[in-house]
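J.: quick one, what's the 3D model for this:
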Amino acid sequence: MSKMTVTADAKPMLNAYPDSVGGTLSDITGFLQKPELKDVFSSFYILPSVFNTDLDRGFSVIDYTLNEELADRKDLEALDKLGINLKLDFILNHASVLSSQFQDILKNGDDSKYRDFFIDWNKFWDGKGTMTEEGYIQPDQELIQHMFFRKPGLPILMVRFPDGKNVPYWNTFYQEIKYPVLDAQDIMQVANVQYYKADLIAKKVNEEIAAGKKPAELTIDDSCKDSVVELLESKRKYLGQMDLNIKSPLVWEFYENTLKTLAGYGAKIVRLDAFAYAPKEPGEKNFLNEPGTWELLEKVRKLADKYNLTLLPEIHASYGEKNYEQIAKQGYMTYDFFLPGMIIDALESGNGSTLEKWAKELMEKEIHVVNMLGCHDGIPLLDLKGLIPEERIQQIIDTVVARGGYVKDLHGQKNVYYQVNATYYSALGEDDKKMLMARALQMFMPGKPQVWYLDLFAGKNDHEAVKRAGAGGHKEINRTNLSAAQIEELMKTDIVKEQLKLLHFRNVSKAFGFEADLAVSTEGETITFTWTNQGESATLRANLKTFEYEITDSEGIYA
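T.: Numbering: from 1, shown residues only. Below you'll find the model as predicted:
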């Protein structure tokens, strides 16, 4: 397997939704045109609600056309004129049920061109399990014992074909079946009953469906139940994300067309979301199986090379599993999901030894990372296992929760932490000195720094947004959209001005880069980084107890 050529630079990258700053991508572009933002960012990671999407704030993609309410080609052209290239998402594992391919299946059933574009559960498990009364195969236990399902039960969505039969399709992530609200006329059309009775039946049906019953479970008059159940089932609608069948040639046509589209938008980095779930084989893991995962990535890499795209496979796993190192050895960029928690740990303990160890490992093993403080997701915890002791991970959890954050367990499994949800500023106790220290450390760590827009503006935990979002809405704590007026006021604050100064320095200094040299050492509470490249140097000397830092450079840029 050939190593991939990383074409991305190591300069700062903004990260936001298209509506995060001002309301549209045009507003963010206007923000980036401000004099204060000149030469601050070289890249912009626009989250996938910039596309035609439905659920999960963009991660359920209908298609990769631009969201007409939030962005257009002029915005992309304006970013290009600013010299800002893009990082964009490509979701390898799944597509929305509203995608044209899935909708074609609903319309044409077995005659659909896309019949096998998604994974037919029964075809996948044919001969490897027992058919159930519900119409899906229950796989033999020994064939699924190593599989990881993200929700209770089997990952199936029963899909009704035009001829009335139900076909199970593989559905790893979210699913919802919606039934129509009926009225008396609907009942009268399918059952021989008078209006008054039809009205009573309709009300009862609507109440029971709203309470969560399935049509077959309705407690209505048996004389019309079958016809009412058929009416409901024939008009059912779906929400969710369906797993793609990577053995289908049509899927690979879709993959190439998508990469071509993203490159046309100005992408240089393509983040591969949920890629590790895509390769599936009976009896094998359905998450990061081998060699299937690497074979998939190699095929995608060859497509990406046509369009000069750098791939960034996204995966969360504990440090001890060394998945980050395995991905890097295959020639790909990887995420530094360890840094956010490590910096909190360092600032709370006054100890930089873990940061030093990690920086040296990245340099010695030539691991090219995108690093960050905050992001659209949470602050990772699972990733830290094996890197710092369990009691210190628990201290991070306790500290962030005490400051208003939330703990998310791993896919609902109790006592297995996954992440904490909070703004990074609030996680640091809403302390300006700590926030600036964290940003300075990020700027001097190896990798391409990614900056969450809300961190730049020292955003605080948004508990009202969590309440509005309801169950499962904890991530909204760190996704507050900022108005143009708010941005104008925040731009006057020292915390924003100083971060912009650090980012500008990292962006224009020649001392940094993937090919530069780094020396890092700790002495007591002080950690020192020195970068050298092309005859230039830059040094950060930071006290992790007092949160004071000093930056010196040979070019005289940082003053």
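J.: contacts only, for residue 427.
T.: By Cβ atoms under 8 Å, 6 or more residues apart in numbering, residue 427 lies in contact with 344, 379, 399, 400, 403, 405, 420. Where C-beta positions appear, they are placed from N, C-alpha and C, glycine not excepted.
J.: repeat that for residue 436.
T.: Counting by Cβ under 8 Å, 6+ apart, residue 436 has contacts 495, 498, 499, 502, 547, 549.
J.: please, which helix or strand holds it?
T.: helix 432-444 (DSSP states H and E).
J.: what pairs with the next helix-or-strand element following that helix, parallel or antiparallel?
T.: Using DSSP H and E, the helix or strand that follows helix 432-444 towards the C-terminus is strand 448-452. With DSSP bridges as the test, strand 448-452 is paired with strand 13-16 (parallel), strand 369-372 (parallel).
J.: got those strands as CSV, with distance to residue 323 and mean pLDDT columns?
T.: Below are the strands paired with strand 448-452 laid out as CSV (distance: least, Cβ to Cβ, whole Å; pLDDT from 0 to 100):
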stretch, distance to residue 323, mean pLDDT
strand 13-16, 22, 98
strand 369-372, 13, 97
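J.: same list (the ones you listed) but as a markdown table, adding mean neighbour count and distance to residue 338.
T.: Listed next are the strands paired with strand 448-452 as a markdown table, based on neighbours: other Cβ atoms under 10 Å; distance: least, Cβ to Cβ, whole Å:
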| stretch | mean neighbour count | distance to residue 338 |
| --- | --- | --- |
| strand 13-16 | 24 | 18 |
| strand 369-372 | 24 | 9 |
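J.: nearest to residue 529, of these?
T.: Of all the strands paired with strand 448-452, it is strand 369-372 that lies closest to residue 529, at 13.3 Å by Cβ to Cβ.
J.: show me how far that closest one is from its chain's centre.
T.: 14 Å (Cα atoms, centre = their mean, to the nearest Å).
J.: past that strand, which element shows up next along the chain?
T.: Next element after strand 369-372 (DSSP H and E): strand 379-380.
J.: next, the buried residues of the helix or strand following that following strand.
T.: Using DSSP H and E, the helix or strand that follows strand 379-380 in sequence is helix 390-402. Buried residues in helix 390-402, counted by 16 or more other Cβ atoms under 10 Å: 392, 393, 395, 396, 397, 399, 400.
J.: same check, this time on stretch 299-314
T.: 300, 301, 303, 304, 305, 307, 309, 310, 311, 312, 313, 314.
J.: mind checking which of those residues are in strands?
T.: If you go by DSSP state E, the buried residues of stretch 299-314 have 310, 311, 312, 313 in strands.
J.: which stretches of the chain have low pLDDT?
T.: Filtered on pLDDT under 70, the chain yields the residue ranges 1-7, 409-416.
J.: farthest residue from the center of it?
T.: Distance from the C-alpha centroid of the chain peaks at residue 194, with 52.7 Å (Cα atoms, centre = their mean).
J.: residue 182 versus that residue, what's the distance?
T.: For residue 194, the distance to residue 182 equals 16 Å [Cβ to Cβ, to the nearest Å].
J.: again with residue 382
T.: 45 Å.
J.: what's the answer for residue 153, then?
T.: For residue 153, the distance to residue 182 - Cβ to Cβ - is 28 Å.
J.: and for residue 451?
T.: Separation of residue 451 from residue 182 (Cβ to Cβ): 51 Å.
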